[in-house]
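Novice: When you get a sec, could you give me coordinates for this:
(chains A, B, C and D)
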Protein chains: 2
Amino acid sequence: MSEMAEKNSNTEQNILEAAKVVFVAKGMDGARMQEIADKAGINKALLHYYFRSKDKLFEAVFVEILSKLIPDISELLLSELPLFEKIRKFTQHYIDTIRENPLIPVFILHELNREPEGIARTFKSMGIQPQIFIDEIKREIGKGTIVPIDPLHLIVNLLSMCIFPIVAQPIMQHLIFEENGEAYSAFLEQRKKEVPEFIINSIRKK
Amino acid sequence: MSEMAEKNSNTEQNILEAAKVVFVAKGMDGARMQEIADKAGINKALLHYYFRSKDKLFEAVFVEILSKLIPDISELLLSELPLFEKIRKFTQHYIDTIRENPLIPVFILHELNREPEGIARTFKSMGIQPQIFIDEIKREIGKGTIVPIDPLHLIVNLLSMCIFPIVAQPIMQHLIFEENGEAYSAFLEQRKKEVPEFIINSIRKK
DNA sequence: TTTACTTTTGACCACTTGGTTAAACTATAT
DNA sequence: ATATAGTTTAACCAAGTGGTCAAAAGTAAA
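Specialist: Here you go, the predicted model:
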């Protein structure tokens, strides 16, 4: 079809994909190179041919995950929507995003505990800039649109209410829905409207 | 001093304590029996003398963690305080509790992903009863004290804003405080007042 | 001191782990 | 065809893993 070099040999992408699934599900320590090889349909030695070691493979996976996740977050926060609309859009979009890969946040947090320095370094290499959003909130406070509130707490509240219910699904589902997965799914769907209204209701000046 | 049988041989408690630290920090897969033995100051074979296998030891640790955590949660929710006061007290108490063992929530969530059935069974054996608190919220809505809101979302919001900022400390600290641990600690301290006011501000009927 | 017992240990084992290596298999250019 | 380079494999290895066992060390009663 095209003479462009395939962006990566098919095998390499297969490996990365398989490694991602296994690493995210079982963590660095629980993951087995053999299982990754099996899932990629190749020999174990080929893993070491493409990625020299388990650590290198892990880091490649980790970088790929972060570089898909982070731009996604930044994008919306920096858009030109009015604040309330931005909060609504962010909640909806973010809840959906995490639901697609619900294991990733816990995976990241667990690995971050396991090896703080290495992972943190990878994190830093991607730029994240919450300052612009912070300034926007301050401006709205100045205009009197919203109640005075520390922007950081507002942002952390927003993130918490989006992320936590998804990562804690295995517990919550049991505690409040008796293992009914569909009910919990509907519950998360509701949250896309409930959370932004809850927030706006708290900060809107009346 | 006393003729009562020691509730557990000193060694057994030492082992449990050491195992708890190692398991929570590194997870079931990352934990090594040798490291636990070293930390308990004993021979590795003695681990198997008291707890027959790594799995058994892990479960003992897991049960101990849960049975300390869960009564702590239930207690306050069922007390006789007025709703707003209860929310304030819960936030303060709960944030402090988790800060004492910040690794435990991620540990639980990670293990829950690793082996859903086994862990969930352990979970179920401890009774948790959110219904009473749900009813109380409904009563307040009926009385017109607070805005109509799905009690489940309110509870999940409360839990999210308490737990998430602590478990995500390694990320948040970097994103907003440039690795300044004390600043983040102060930030969490602020949240003990900010979170309840944020919630009450959202649900109070004006 | 002897007896009977629990607790603790060092040495050991079978097995799995990540990783290596040399040889075989492509495919492309000459 | 054949040389050259990249790709893939089976067989293998050293290090570490959870777990075992028989013997030693402690302990308390007879």
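Novice: Could I get the buried residue list for the least confident helix or strand in chain A by mean pLDDT?
Specialist: Ranked by mean pLDDT, DSSP states H and E, the weakest helix or strand in chain A is helix A:116-125, scoring a mean of 78. Buried residues in helix A:116-125, counting neighbours by 16 or more other C-beta atoms under 10 Å in any protein chain shown, are found at A:119, A:120, A:122, A:123. In this view, the C-beta of every residue, glycine as well, is placed from N, C-alpha and C.
Novice: Also near chain B: which of those, exactly?
Specialist: Contacts with chain B within the buried residues of helix A:116-125, as defined by C-beta under 8 Å from any C-beta of the partner chain: A:120, A:123.
Novice: which pair in the buried residues of helix A:116-125 spans the largest distance?
Specialist: A:120 and A:122 (7.3 Å; C-beta to C-beta).
Novice: if we can go back for a sec, which elements pack onto the least confident helix or strand of chain A?
Specialist: The criterion is 3 or more C-beta pairs under 8 Å, 6 or more residues apart in numbering or on different chains; DSSP states H and E, and the helices and strands that helix A:116-125 contacts are helix A:54-77, helix A:104-114, helix B:169-177.
Novice: Repeat the analysis, applying 7 Å as the threshold.
Specialist: The criterion is 3 or more C-beta pairs under 7 Å, 6 or more residues apart in numbering or on different chains; DSSP states H and E, and the helices and strands that helix A:116-125 contacts are helix A:54-77, helix B:169-177.
Novice: Does stretch A:172-182 reach chain B?
Specialist: Yes. Part of stretch A:172-182 sits near chain B under the criterion C-beta under 7 Å from any C-beta of the partner chain, namely A:172, A:174, A:175, A:176.
Novice: Neighbour-wise, give me the winner out of those.
Specialist: In terms of neighbour count, residue A:172 stands highest of these at 21 neighbours, by other C-beta atoms under 10 Å in any protein chain shown.
Novice: surely it meets residue A:165?
Specialist: Yes. If you go by C-beta atoms under 7 Å, residue A:172 and residue A:165 touch, sitting 6.4 Å apart.
Novice: Find residues that contact each of those two.
Specialist: residue B:156 (C-beta atoms under 7 Å, 6 or more residues apart in numbering or on different chains).
Novice: Show me what from chain A comes close to DNA strand D.
Specialist: A:9, A:11, A:42, A:43, A:44, A:45, A:46, A:49 (C-beta under 7 Å from any atom of the strand).
Novice: Flag the least confident of these.
Specialist: When those are compared on pLDDT, residue A:9 comes out least confident, at 69.
Novice: And the helices and strands packed on helix A:116-125: which comes nearest DNA strand C?
Specialist: Closest to DNA strand C of those is helix A:54-77 (C-beta to the nearest atom of the strand; 3.4 Å).
Novice: Tell me what angle the closest one forms with helix A:116-125.
Specialist: Using axes from the mean of the first three to the mean of the last three C-alpha atoms, to 10 degrees, the inter-axis angle of helix A:54-77 relative to helix A:116-125 is 40 degrees.
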